[in-house]
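K.L.:
predicted model follows, preceded by the sequence.
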Amino acid sequence: MHKDKSLIEIGLGALAEGTNEFNFTCKAADFKGRQLADAGFTGEIKVNVIAEKSDDEVTLTINTSAMGDFTCDICLAPVSKKLTGTLVLSYLFSEAPDDDDGGDEEYIRLDRSADSIDITGEVCETLLLSLPMKVTCTDNPDCRLYSSKESIGNNEEPPPDNVTSWQESLEKLKNKYR
Ligand SMILES: [Zn+2]
């Protein structure tokens, strides 16, 4: 039976001491079982991974860059945005899993005999975390018109005209003494 190859994995055998760089290009549809296309990732997804290897640990810095297609929260116009995300993962080689006292929470234990690290899930998380909370258009004048109208509506009272009110009171004063 053929086992599905991981979409994004870092081969440990080929990893040199020091800094290694990897680049992957994928599509939302490649991440099976994840709803990345529904989330707005419709184009190419670029993944850059910096792997720093030392004697007993590997640190992976995942950088994702992708165009997302959304609709504006205000006027529902289509909006394309470039989304970038970063995630840092630290792996610690361990030979005896038994002495894991749960101390170092920030490290992920990695078996010394492992020949690769599958980061497909982590890349997917990074992409989902890079999604914007709010989407509004930046170059649609109609949308801006709508939102500025709204802010004027909140402040309907015109600013007091000092000159007029001063003249009015003077006028009243004159009438009083006439
Ligand atoms: Zn809009």
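P.N.:
Perfect, thanks for sending it.

K.L.:
from here on, just use CA atoms for contacts and neighbour counts.
P.N.:
Will do.

K.L.:
what sits up against stretch 67-78?
P.N.:
40-45, 79-83, 134-137, 143, 147 (Cα atoms under 8 Å, 6 or more residues apart in numbering).

K.L.:
ok, which of these also contact the ion?
P.N.:
Among the contacts of stretch 67-78, proximity to the ion is found for 137, 143 (Cα under 5 Å from the ion).

K.L.:
drop anything exposed from the contacts of stretch 67-78.
P.N.:
The neighbour count (16 or more other Cα atoms under 10 Å) marks 40-42, 45, 79-81, 83, 135-137, 143 as buried among the contacts of stretch 67-78.

K.L.:
quick one, helices of the protein?
P.N.:
Using DSSP state H, the helices found in the chain span residues 36-39, 120-129, 141-153, 162-176.

K.L.:
pick out the shakiest of those helices, pLDDT-wise.
P.N.:
The minimum mean pLDDT among these belongs to helix 141-153 (a mean of 60).

K.L.:
might you report the residue contacts of the residue nearest to the spatial centre of the chain?
P.N.:
Closest to where the C-alpha atoms of the chain average out (Cα atoms, centre = their mean) is residue 130, at 1.6 Å. Residues in contact with residue 130, defined by Cα under 8 Å, 6+ apart, are 83-85.

K.L.:
make a markdown table out of those and add pLDDT.
P.N.:
Formatted as a markdown table, the contacts of residue 130 follow (pLDDT from 0 to 100):
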| residue | pLDDT |
| --- | --- |
| 83 | 96 |
| 84 | 97 |
| 85 | 97 |
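
K.L.:
quick one: which of those residues is nearest residue 9?
P.N.:
Among the contacts of residue 130, residue 85 lies closest to residue 9 (Cα to Cα), at 17.9 Å.

K.L.:
tell me which of the buried ones among the contacts of stretch 67-78 has the lowest pLDDT.
P.N.:
The lowest pLDDT within the buried ones among the contacts of stretch 67-78 belongs to residue 143, with 83.

K.L.:
could you find the closest non-adjacent residue to it?
P.N.:
Leaving aside its sequence neighbours, residue 143 sits nearest to residue 75 (Cα to Cα, 6 or more residues apart in numbering; 6.0 Å).

K.L.:
ditto for residue 106
P.N.:
residue 90 (6.9 Å).

K.L.:
ok, the one you found to residue 51 distance?
P.N.:
Applying Cα to Cα, to the nearest Å, the value for residue 90 to residue 51 is 10 Å.

K.L.:
over to residue 37?
P.N.:
28 Å.

K.L.:
just to revisit the earlier point, what's the overlap in contacts for residue 90 and residue 51?
P.N.:
58-60.

K.L.:
can you list the residues of this structure near the ion?
P.N.:
Close to the ion, as judged by Cα under 5 Å from the ion, the chain has residues 72, 74-75, 137, 143.
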